[in-house]
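> Please find the sequence and the predicted model below.
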Amino acid sequence: MEWLSSATRWLSDAEHGATDRLIPRWLFLRALGCIYFSAFFSLAFQIRGLIGPNGILPANEYLQAVAHTFGHLRGVWFAPTVLWFSSGPHILMALCWVGMAASLLLVLNLWPRGMLAICFVCFLSFASAAQDFSGYQSDGMLLEAGFISLFFAPRGMRPGFGRTSPPSRASLFLLQWEWFRIYFESGVAKIESGDPQWRHFTAMDEYYQNGPLPTWIGWYMQHLPHWFHAFTAFATLALEWVLVWMLFLPRRWRIVCFFIVTPWELGVIFSANYTFLNYLVLALGVLLLDDEFLLRFLPQGWKQSFAADTTSGQIQTGEQVQTETSGGFRHQLKIVKTYLAGFICAWILYATTAELIWMVSPLPLPTSPVVALEPFRIANRYGLFAVMTRGRYEIEFQGSDDGHTWVAYPFRYKPQDPNKPPGIYAPYQPRFDWNLWFAALGSWRDYSIVPRTEIRLLSNDSDVLNLFKGNPFPQKPPRQVRAVLWQYWFTTMAEKRAQGLWWRRQYLGLYAPTIERDAEGTIRAVEMPNVEPRK
């Protein structure tokens, strides 16, 4: 078994780590800290309205239901979150502020492993209790990258470039493997879905219009000729199916791959608001590069700092080897940590590989290791845009005091006013607006957030109202609230020049039951929806 021991040390021990990836690691961890900060920053303005005690999907109600179904012990494993202790508004805000503080310290390179652990626990705590508001692939991507980075980051309080603690080869590969899977599994999902739009290269014809949160740049791109959209559809499949395999080729090909995918991701960032998803994929792409390539682009002061850190690291490494050779307990502890890290990395590799294989062929591989990691979202399956939406539908909440005159609640980010250009918000993630895009594609019976929001608006709940841009009933809540459905299209160039409109829209009817609160405070439905779910 000596070969297994040697292989484990070579893969998981920092002494045998990838000493040529110090600058890419430094850049990636700074970017990861910024992405974590964007996630917590956006939650700070929304979390109480989303899962607070008076929110749309209260975390305390959900956790009570989990405990009732599974029991407390199994419930904690099913929903690993610190909100089991308390899910009041102050704890929810503390979760955001602690996460923001830890992410900033990670950006400043202060105790990166500790800050990564805090960020992971805080974000997992939200994701595990947020129900429909955390069902996005981007959340899984961040949790997976954040957890693996615990083994990737250098040790110490002020590690600099971390010459004395280079990244383990196993953690480096798993982060690159995540980057590869995000692309490749999305390509597999597109083909296996059978969506004719991908097969006929028409998937991008209305992509910029029909996505969750379009941008004004996407408006202009939508009006480019069909050959451009056909080319980008073909290029998307070529990138996801073929080009990403350059990760496994020699160094020169990896660098070429970086310069292909980076402009691609930047184009996606500017043409659509996919929160921090593309920023994370962009950051993972940095790991295709090495020190030799990046050193030439560093400012002179950074080059000197890197050289000094390298010299100091070589001296400290020699001293550390002597110390650990003579220190029995510390040496044994280090061996245990190395094997534990190797075991965890191997577990994640198996789970993610099995998920990928099952997308292609239902091989009878053991499922228990995969299922055990599911609550922690650190070994995920990806499949972005497997099926393209064929229309843009928008839910609008309206209130009324007499049942005849209806006033709309203005959204912060969703398309609503035809005169208003779609903005660029990413990496900020407006989860309420985002979820309503999904709800508009289905039935209100499958998306409880819609009738729950109606009920909260009947009482002018401040936490939920903060999810909107304004309150059209500031003095007292309306007597009735309803959710209606519109279909939206980008205007043509001629329409925009003539009228200045970015959107045109058509009223489709009632999406969810109209809800009324009577004089006794009883809430009841007074009108049922008259539109069918979109296919």
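Arrived safely. Numbers count the residues shown, from 1 in each chain.
> For residue 215, which non-adjacent residue is closest in space?
Using C-beta to C-beta, 6 or more residues apart in numbering and skipping the chain neighbours, the partner closest in space to residue 215 is residue 424 (4.8 Å). Bear in mind the C-beta positions are built from the backbone N, C-alpha and C, glycine included.
> where's that neighbour relative to residue 219, distance?
Applying C-beta to C-beta, to the nearest Å, one obtains 11 Å for the distance of residue 424 from residue 219.
> who's more crowded, the two?
Comparing residue 424 with residue 219 by other C-beta atoms under 10 Å, the one with more neighbours is residue 219, at 20 against 17.
> can you pull the buried residues of the helix or strand encompassing the more buried one?
Element membership for residue 219 (DSSP states H and E) is helix 216-222. If you call a residue buried by 16 or more other C-beta atoms under 10 Å, then helix 216-222 has these buried ones: 217, 218, 219, 221, 222.
> Under a three-state scheme, what state does residue 394 occupy?
Going by DSSP: H, G, I helix; E, B strand; the rest coil, the secondary structure assigned to residue 394 is strand.
> any idea how far residue 301 is from residue 30?
Taking C-beta to C-beta as the criterion, residue 301 is separated from residue 30 by 16 Å.
> Number of residues surrounding residue 507?
When counting by other C-beta under 10 Å, one arrives at 10 neighbours for residue 507.
> Now it: phi and psi?
The phi and psi torsions at residue 507 (degrees, to the nearest 10) take the values phi -70, psi 130.
> Mind listing the residues bridging to it?
Note on residue 507: beta-bridge partners by DSSP bridges are residue 486.
> Look at it and report its pLDDT.
At residue 507 the predicted local confidence, pLDDT, stands at 96.
> Also residue 331?
Here the pLDDT value assigned to residue 331 is 72.
> Ok, the one 10 residues further on next?
Per-residue confidence at residue 341 stands at 89 (pLDDT).
> And the one 3 residues further on, by the same measure?
The predicted structure scores residue 344 at 95 on the pLDDT scale.
> Can you point out the buried residues in the host helix or strand of it?
Element membership of residue 344 [criterion: DSSP H and E] is helix 328-360. Applying a neighbour-count criterion of 16+ other C-beta under 10 Å, one finds 338-339, 341-342, 344-348, 350-352, 354-356, 359 buried in helix 328-360.
> what's the closest of those residues to residue 453?
The shortest separation between residue 453 and any of the buried residues of helix 328-360 is 33.9 Å, and it belongs to residue 355 (by C-beta to C-beta).
> how far away is the closest one from residue 192?
In this view, residue 355 and residue 192 are 14 Å apart by C-beta to C-beta.
> same check, this time on residue 112
39 Å.
> before we move on, the earlier item: following the helix holding residue 344, which helix or strand comes up?
The C-terminal neighbour of helix 328-360 among helices and strands, as given by DSSP H and E, is helix 368-373.
> Extract the C-alpha set from that following helix and format it as PDB.
Output for helix 368-373, consisting of C-alpha atoms alone and laid out as PDB, is shown next (Å, rounded to 0.1, in the frame of the first residue of the first chain):
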ATOM      1  CA  SER A 368     -25.100   6.500  -1.400                       C
ATOM      2  CA  PRO A 369     -21.900   8.700  -1.600                       C
ATOM      3  CA  VAL A 370     -23.700  11.000  -4.000                       C
ATOM      4  CA  VAL A 371     -26.900  11.200  -1.900                       C
ATOM      5  CA  ALA A 372     -25.000  11.900   1.300                       C
ATOM      6  CA  LEU A 373     -23.400  15.100  -0.100                       C
END
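> Can you name every helix or strand that that helix contacts?
For helix 368-373, the elements it packs on are helix 328-360, judged by 3 or more C-beta pairs under 8 Å, 6 or more residues apart in numbering; DSSP states H and E.
> what's the closest non-adjacent residue to residue 134?
With C-beta to C-beta, 6+ apart as the criterion, residue 134 has its nearest non-adjacent residue at 4.1 Å, and that residue is residue 127.
> pLDDT below threshold where in the protein?
Residues of the chain meeting the criterion pLDDT under 70: 1-16, 309-327, 535.
> Show me where it has its strands.
392-400, 407-408, 480-490, 503-517, 523-527 (DSSP state E).
> Please work out how many residues are found near the spatially closest residue to residue 282 that is not a sequence neighbour.
Distances taken as C-beta to C-beta, 6+ apart place residue 265 nearest to residue 282, at 4.6 Å, with adjacent residues excluded. Using other C-beta under 10 Å as the criterion, residue 265 is surrounded by 18 other residues.
> contacting residues for residue 265?
278, 281, 282, 285 (C-beta atoms under 8 Å, 6 or more residues apart in numbering).
> swap the cut-off to 10 Å and go again
By C-beta atoms under 10 Å, 6 or more residues apart in numbering, residue 265 lies in contact with 277, 278, 279, 280, 281, 282, 283, 284, 285.
> ok, and the closest non-adjacent residue to residue 156?
residue 165 is the one closest to residue 156 (C-beta to C-beta, 6+ apart), at 6.8 Å.
> er, residue 406 I mean
residue 398 (4.1 Å).
> Pretty sure that neighbour sits against residue 484.
Yes. Residue 398 sits in contact with residue 484 when judged by C-beta atoms under 10 Å, with a separation of 6.2 Å.
> Please enumerate the shared neighbours of the two.
By C-beta under 10 Å, 6+ apart, the residues touching both residue 398 and residue 484 are 406, 408, 510, 514.
> Of the residues you listed, keep whichever come out buried.
406, 510, 514.
> give me every residue that touches the second one.
In this case it means residue 510. Residue 510 makes contact with 398, 444, 482, 483, 484, 485, 527, 528, 529, 530, 531, according to C-beta under 10 Å, 6+ apart.
> how close does it get to residue 429?
With C-beta to C-beta as the criterion, residue 510 and residue 429 are 29 Å apart.
> ok, residue 240 to residue 92 distance?
Applying C-beta to C-beta, the value for residue 240 to residue 92 is 37 Å.
> got it, and residue 276?
Remark: distance between residue 276 and residue 92 (C-beta to C-beta) = 20 Å.
> picking up where we left off before, now flag whichever of the contacts of residue 510 is closest to residue 366.
residue 444 (39.7 Å).
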